[in-house]
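Asks: Model the following, please.
(one chain, ligands or ions: 1)
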Amino acid sequence: MSGIDTTGQIGVIGAGTMGAGIAQLAAAAGHEVLLYDAVGGAADTGRARVAEGLEKLVSRGKMTAEAVEALVGRIRVAADLSDFRGVALVVEAIVEKLEVKRAVFAELEGIVGPEAILASNTSSISVTSIARDLEHPERVVGMHFFNPAPIMKLVEVISGVATAPGVAQRVFDTAEAWGKVAVHAKSTPGFIVNRVARPYYAEALRLLEEQVADPATLDALLTEGGGFRMGPFTLMDLIGHDVNYAVSQSVFDAYYQEPRFRPSQIQLELVNAGRLGRKSGRGFYDYGTGAEAPAP
Ligand code: NAI
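Replies: The predicted structure is shown next:
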């Protein structure tokens, strides 16, 4: 068994934080990529963000301008999902809502060829549930990247109840061919990393609720003292509070509302205020000034 070779076209649905990064990664591996987003102009913006990020590498001498042009040239914006007719693999990276994902996968089934693999980048939703109503649930699998997708090494390959072992292995091998470290996991709430990480966020949010210390102090403590690469508040700002809250809620519900997974009102209030983190310019920290000062 081997991964999808570079002649295989990759379709990415959702051109936000994760989708654009996944498109970059697949294009860097040599694939032609189709990038689709339901919001008009969002896929163009995603592609432009990829180009912008790579141009920084050119200015630092880490990539040539020609290589960037070739990579970005391999990412094409799809006007419609029907453009996905010839793809070998679809990676869905849309909003973290089961019903929306199910509708997209159902639509895809009527478009792609019989050999195409349908993967979801979901952080927490059951792969078994996403596949449930499909004619061919055996080709549905989780391909869970971490943020930022071009940089973070790990990919969880999630098998639902119906996922064919050969499909999971092919996605595993593809991830490895893209330079990732892949791991097989079963479809359980939060899979491996998000299950272990939820209490990291939840306990930090509880410390904040109890006014033990502010986000900057807690972040500094965990990075400088605890050896974590990123403090929980910086990390939640990077993930996006809308996504992080939806994942917290989904894992909490899936574990029959176990208190240790309880989402925080602070997260919800940030979502309600539209302070989604880096992507909206403000979350726990303010990114407008570049100073990353804690938000009031
Ligand atoms: P995002 O909010 O940055 O981007 C989502 C994009 O999907 C938006 O551009 C939106 O317009 C588009 N979209 C929504 N519904 C759509 C539909 N029906 N059809 C086509 N496009 C649609 O979200 P983000 O952060 O990229 O997350 C996407 C998925 O990846 C979620 O399932 C999330 O749980 C997962 N994920 C997120 C991580 C993170 O750190 N943000 C890490 C790993 C996985």
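
Asks: need the contact list for the residue in the stretch 151-296 of the chain positioned nearest to the ligand.
Replies: Among the residues of the stretch 151-296 of the chain, I239 lies closest to the ligand, at 3.7 Å counting by Cβ to the nearest ligand atom. Every residue, glycine included, has its C-beta placed from N, CA and C. The contact partners of I239, taken as Cβ atoms under 8 Å, 6 or more residues apart in numbering, are 17, 147, 277.

Asks: Just to be sure, which of those are found in helices?
Replies: Counting by DSSP state H, the contacts of I239 place T17 in helices.

Asks: Now for A42: which residues touch it?
Replies: 15-16.

Asks: residues from the stretch 151-296 of the chain in reach of the ligand?
Replies: The stretch 151-296 of the chain comes close to the ligand at residues 239-240, 243, 247, 279, as judged by Cβ under 6 Å from any ligand atom.

Asks: Look at the residue in the stretch 1-150 of the chain that the ligand sits nearest to and report its pLDDT.
Replies: Here the stretch 1-150 of the chain gets closest to the ligand at one residue, G16, 1.9 Å apart by Cβ to the nearest ligand atom. Model confidence at G16, given as pLDDT, is 97.

Asks: Verify the contact between it and A43 for me.
Replies: No. Counting by Cβ atoms under 8 Å, G16 does not reach A43; the two are 10.0 Å apart.

Asks: circling back to that earlier point, quick one: which of the contacts of I239 has the most company?
Replies: Tallying neighbours with other Cβ atoms under 10 Å puts G277 at the head of the contacts of I239, with 25 neighbours.

Asks: how far away is it from V271?
Replies: Taking Cβ to Cβ, to the nearest Å as the measure, G277 falls 10 Å from V271.

Asks: Identify the contacts common to the two.
Replies: In contact with both G277 and V271: H241, using Cβ under 8 Å, 6+ apart.

Asks: can you give me the helices in the stretch 1-150 of the chain?
Replies: Here the stretch 1-150 of the chain has its helices, by DSSP state H, counting those that start in this stretch, at 17-28, 42-59, 65-73, 98-109, 127-131.

Asks: So which elements touch the last one?
Replies: Packed against helix 127-131, as judged by 3 or more Cβ pairs under 8 Å, 6 or more residues apart in numbering; DSSP states H and E, are the following elements: helix 98-109, strand 140-144.

Asks: Just to check, A164 is in contact with P137?
Replies: No. A164 lies out of contact with P137 (Cβ under 8 Å); the separation is 9.2 Å.

Asks: what about these two, which has more around it?
Replies: Per other Cβ under 10 Å, whichever of A164 and P137 has more neighbours is P137, with 20 against 16.

Asks: Could you dump the helices and strands packed on helix 127-131 into a markdown table and include mean pLDDT?
Replies: Listed next are these as a markdown table, based on pLDDT from 0 to 100:
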| stretch | mean pLDDT |
| --- | --- |
| helix 98-109 | 98 |
| strand 140-144 | 98 |
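
Asks: Show me which of those has the highest average neighbour count.
Replies: Counting by mean count of other Cβ atoms under 10 Å, strand 140-144 has the highest mean neighbour count of these, with a mean of 28.

Asks: three-state assignment of the residue lying closest to G142 once chain neighbours are set aside?
Replies: Spatial nearest neighbour of G142, excluding adjacent residues (Cβ to Cβ, 6 or more residues apart in numbering): I158 at 2.7 Å. With DSSP: H, G, I helix; E, B strand; the rest coil as the basis, I158 sits in strand.

Asks: quick one: contacts for I158?
Replies: Counting by Cβ under 8 Å, 6+ apart, I158 touches 127, 141-144, 168, 185-187, 191.

Asks: Next one: it, what pLDDT does it get?
Replies: At I158, pLDDT is 98.

Asks: Look at F228 and tell me its secondary structure.
Replies: Secondary structure, three-state DSSP: F228 is coil.

Asks: Count the residues that sit near it.
Replies: Neighbours of F228 under the rule other Cβ under 10 Å: 15.

Asks: Do I have it right that A182 meets Q169?
Replies: No. Using Cβ under 8 Å, A182 is not in contact with Q169; the gap is 9.7 Å.

Asks: more neighbours, these two?
Replies: A182 (23 against 18).

Asks: Looks to me like that one is in a strand.
Replies: Yes. A182 forms part of a strand when assessed by three-state DSSP.

Asks: Let me know the pLDDT of it.
Replies: In this model, A182 is scored at 98, pLDDT.

Asks: any idea what sits nearest it, other than its immediate chain neighbours?
Replies: Closest residue to A182 apart from its sequence neighbours, by Cβ to Cβ, 6+ apart: A175 at 4.1 Å.
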